[in-house]
Structures are given as C-alpha cells and as structure tokens.
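> With the sequence up front, the predicted model follows.
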Amino acid sequence: QMQLVESGGGLVQAGGSLRLSCAASGSTFSRYSMGWFRHPPGKEREFVASITSNGTTYYADSVKGRFTISRDNAKNTMYLQMNVLIPEDTAVYYCARRVRFRSATSSNDYDYWGQGTQVTVSS
C-alpha cells in the first residue's frame, strides 16, 4: 500500500507560479514511477506529467515547457513546479503511483491516488 498526500494548491493570478508536493508513505517510494493528473471543472481527468524511478520525465503537450516534475527519494516526495499558469490550468491536481506500463497518460496504469489539491488560476 501507499498513502499519498498532495499539498501546495491555491489561488494564483495568470502568469504566476505554484509548486505542488506529493508526500508518500507506506511503501518504498523510490522504487516506483509516479504521475500527476488533473481534473478541470466540467471535463474529464487528464494526464499532466510522469516521472520514473530513475528520474525520466514525460509531459502532456499542454504543460510542456511550463511545468516541471521532480522527486526527492530521500524525502519520499514528488513535486510539480508550475510556471506561467493560465486559467485553463484550473483543476484539482492528483498524484498517483504507476504500477503498469501500457501508457503513462492512462489512469489505468496507476493504482494509489491522493485526495487532490485545488489549483485555481484567475485571469
């Protein structure tokens, strides 16, 4: 099992930045690939970024160049640095543990999920 707790969300103006954190416990964090997803209002949940156990990253086109995913295995924590935020980034952001490797962008590859943290970007 793995428990995941997101933090760092909030209200920010367009063009601003936020850093989300995902604290993991209950399992060996460093062994697992991890990912960030988001659920915008009125839309389906969508993939944001993923990172393998050795630090290889992958991003959705919509956030590439603006968001950076990283991890600190010593702290059992994953991060999502979000810069140049736009209103379309408004969503509940979730972190998840990846246990299957069919598609990093599919939620079916992930098993444990956090409770989510709200990010709201005002125009």
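Looks like it came in fine. Numbering: from 1, shown residues only.
> Off-centre distance for the helix or strand harbouring Y94?
Assigning secondary structure by DSSP states H and E places Y94 in strand 91-98. Centroid separation between strand 91-98 and its chain, computed with CA atoms, centre = their mean, to the nearest Å, is 5 Å.
> Ok, stretch 25-33 next?
15 Å.
> how many neighbours does the closest residue in space to R19 that isn't next to it in sequence have?
Take R19 and drop its neighbours on the chain: the residue closest to it by CB to CB, 6 or more residues apart in numbering is Q81, 5.0 Å away. All C-beta atoms are positioned from the backbone trio N, CA, C, and that covers glycine. Using other CB atoms under 10 Å, Q81 has 14 neighbouring residues.
> wait, what's in contact with Q81?
S17, R19, F67, T68, I69, S70 (CB atoms under 8 Å, 6 or more residues apart in numbering).
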